[in-house]
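Student: Quick one, what's the 3D model for this:
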Amino acid sequence: MPPRKPATSPHSFVDRHGLWSAEQARAAREVERSIRKNKLELVRFSFADQHGVLRGKTLLADDAIAALRSGVGMTTTLLAKDTSHKSVFPVFSTGGGFGMAEMQGGADFMMVADPGTFRVLPWAENTGWVLCDIYFCNGKPVPFSTRALYRDALTKLAGAGYDYLAGLEIEFHLFRIENPRLQPADATWPPEAPEVSLITQGYQYLTESRFDMLDPLIAPLRRGIAALDLPLRSVEVELGPSQCEFTFRPQMGLAAADTMILFRSAVKQIARRNGCLASFMCRPALPHAMSSGWHLHQSLIEHRTRRNAFVHADGLSVTGRHFLGGLLEHARAATTFTTPTVNGYKRYRAYSLAPDRAIWARDNRGVMMRLLGQPGDAATHLENRAGEPAANPYLYMASQIHAGLDGLANKREPGPSADQPYETDAPLLPKSLGEATAALRADDCFRSGFGGGFVDYYAHIKEAELARYHKEQADSPEVTPWEQKEYLDLF
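Tutor: You can find the predicted model right below:
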């Protein structure tokens, strides 16, 4: 029987609501050809939820070709969940707890493929993958789509005359799974965390011998990432036991955040197929574990000249100073996006190569914002060292843009370089997720940039997560079993 022809009707969901550009329509035709050429059997349709976790459905190839234009139905309750996968909104009440008819009663929404993101997965047999945007069934964008919120931030930045260039530097842990905890009694909600062992001891930062010990298990990861055509730059040994770091070449706009989403998911899947657990949890509850960070390198590119807007003979341009001033002004509220878990705040410790207050300095690893590049250097940029690797990249990057634009609009100055970062009087970063969420609710810049509705939605989810933590676990400066169970395998 010949393969079924794809649906190209003008009545398809995509065409009816005008959801693709001409470039995306051309890319979709290439995707159809790729599915047939590679004799794919399955295609995974995925979207990044509010936590930056991929969710989706897997379709057989012929149905996937049709679904490129018709969309794939999902349930709106996915948008109501905290990190335990429990709904924290009354989805069966009027408006589903959101005041929106489209969200009531666990109604459907649609995933619509962005064809330009299509990949053939090198680790899954005859399987393709595509990242999606999400819409209600009436064609309206879902207001809780973090990818769409980041796209909106990029549009606002473009209106000011700039593009956003970002490079990723991501630390994570790679463990060997000793017990996957698959007994029925372990299937709690959330499930018990797997029992793991180290693949290296720590404290030999960037030593070749440690890298060689890691290499047999790192090799499938880096080969998989390279096969996905992600711009991997380096693979490094970090300080802690079983800790490593991948860095990526800078990318413009949406591409950098999409890379982070696919990278995290790919690493976790490839590792699991090789008997390992890759965890982007900031600080696992294991003896001697070190905290992992996500350092975000960023600069602005002028539309008119295509030059780096931060470059100046004195080290940082006026544009760069004001952008930096905005990042510092809104740093406390932004931590809800850069550090969205209970666990991540246990990294903010003085004298630990992690920031604990909203300051900047030239090439100093103790500050929140590190200025890199010699005066006049075309690669001059800012490095935000506050983020944890579990952060949703769309929200992390969008928060930088909104805060930076506020700095440009209000000509905010960042003050002098903090050359002794742990001895300044600068505002301290929040000590807890609760403190950060309160700062977010009160921040007019983010309420304007993201919209008050989204800020309240996101804060409610984080507060529900925090309430469960406080119900089961007393506050502790050390990592708790609750955090291990909640985050180790999720992120």
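Student: Verify the contact between residue 193 and residue 483 for me.
Tutor: No. Using CB atoms under 8 Å, residue 193 makes no contact with residue 483, being 9.5 Å away. Backbone N, C-alpha and C define where each C-beta goes, glycine included.
Student: Just say helix, strand or coil for residue 135.
Tutor: Under the three-state scheme (DSSP: H, G, I helix; E, B strand; the rest coil), the conformation of residue 135 reads as strand.
Student: Now for it: which residues touch it?
Tutor: Residues in contact with residue 135, defined by CB atoms under 8 Å, 6 or more residues apart in numbering, are 13, 17, 19, 71, 109-110, 112, 141-142.
Student: if we go to 10 Å?
Tutor: Applying CB atoms under 10 Å, 6 or more residues apart in numbering, we find residue 135 in contact with 13-14, 17, 19, 71, 102, 109-112, 141-142, 145, 148.
Student: Chain neighbours aside, what residue packs nearest to residue 315?
Tutor: residue 375 (4.6 Å; CB to CB, 6 or more residues apart in numbering).
Student: tell me the contacts of that neighbour?
Tutor: Contact criterion CB under 10 Å, 6+ apart gives 311-316, 362 as the residues in contact with residue 375.
Student: And residue 481, by the same measure?
Tutor: The contact partners of residue 481, by CB under 10 Å, 6+ apart, come to 192-193, 285, 472-473.
Student: Reformat those residues as CSV; add pLDDT.
Tutor: Below are the contacts of residue 481 laid out as CSV (pLDDT from 0 to 100):
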residue, pLDDT
192, 96
193, 97
285, 96
472, 89
473, 84
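Student: which among the residues you listed gets closest to residue 275?
Tutor: Distances from residue 275 to those, taken as CB to CB, are shortest for residue 193 (16.2 Å).
Student: Tell me the secondary structure of residue 241, please.
Tutor: Counting by three-state DSSP, the backbone at residue 241 sits in coil.
Student: What's the local residue count around the closest residue to it other than its chain neighbours?
Tutor: For residue 241, ignoring the flanking residues on the chain, the nearest one in space by CB to CB, 6+ apart is residue 202 at 3.6 Å. By the other CB atoms under 10 Å criterion, the neighbourhood of residue 202 contains 17 residues.
Student: Model confidence for residue 202, exactly?
Tutor: Per-residue confidence (pLDDT) for residue 202: 89.
Student: Could you look up the SS state of it?
Tutor: Looking at residue 202 with three-state DSSP, the answer is coil.
Student: Over to residue 164?
Tutor: strand.
Student: sorry, back to before: closest one of the contacts of residue 481 to residue 77?
Tutor: residue 472 (23.1 Å).
Student: now the nearest residue to that closest one once chain neighbours are set aside: how far from residue 446?
Tutor: Beyond its immediate neighbours in the sequence, the residue positioned closest to residue 472 (CB to CB, 6+ apart) is residue 482, lying 5.4 Å away. Plainly put, residue 482 is 28 Å away from residue 446 if you go by CB to CB, to the nearest Å.
Student: who's in contact with residue 73?
Tutor: Residues counted as contacts of residue 73 (CB under 10 Å, 6+ apart) are 13, 57, 67, 107-111, 137.
Student: ok, now with 6 Å
Tutor: By CB atoms under 6 Å, 6 or more residues apart in numbering, the residues touching residue 73 are residue 108.
Student: Ok, residue 232 next?
Tutor: Residue 232 is in contact with 225-226, 248, counting by CB under 6 Å, 6+ apart.
Student: Only whichever of these are buried, select them in PyMOL.
Tutor: Applying 16 or more other CB atoms under 10 Å to the contacts of residue 232, the buried members can be selected in PyMOL as follows:
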select buried, resi 225+248
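Student: And the strands in the stretch 201-350 of the chain?
Tutor: 232-237, 243-248, 251-252, 276-279, 294-302 (DSSP state E, counting those that start in this stretch).
Student: what mean pLDDT does the longest one have?
Tutor: Per-region confidence: strand 294-302 scores 98 on mean pLDDT.
Student: Next, the angle from it to strand 243-248.
Tutor: Going by axes from the mean of the first three to the mean of the last three CA atoms, to 10 degrees, strand 294-302 is angled at 10 degrees with respect to strand 243-248.
Student: which strands and helices sit next to strand 294-302?
Tutor: Under the contact definition 3 or more CB pairs under 6 Å, 6 or more residues apart in numbering; DSSP states H and E, strand 294-302 sits against strand 162-179, strand 381-387.
Student: Can you tell me which of those strands is packed in deepest?
Tutor: Each of the helices and strands packed on strand 294-302 was scored by mean neighbour count; the highest is strand 381-387, a mean of 24, by mean count of other CB atoms under 10 Å.
Student: Which helix or strand lies directly C-terminal to that strand?
Tutor: helix 393-409 (DSSP states H and E).
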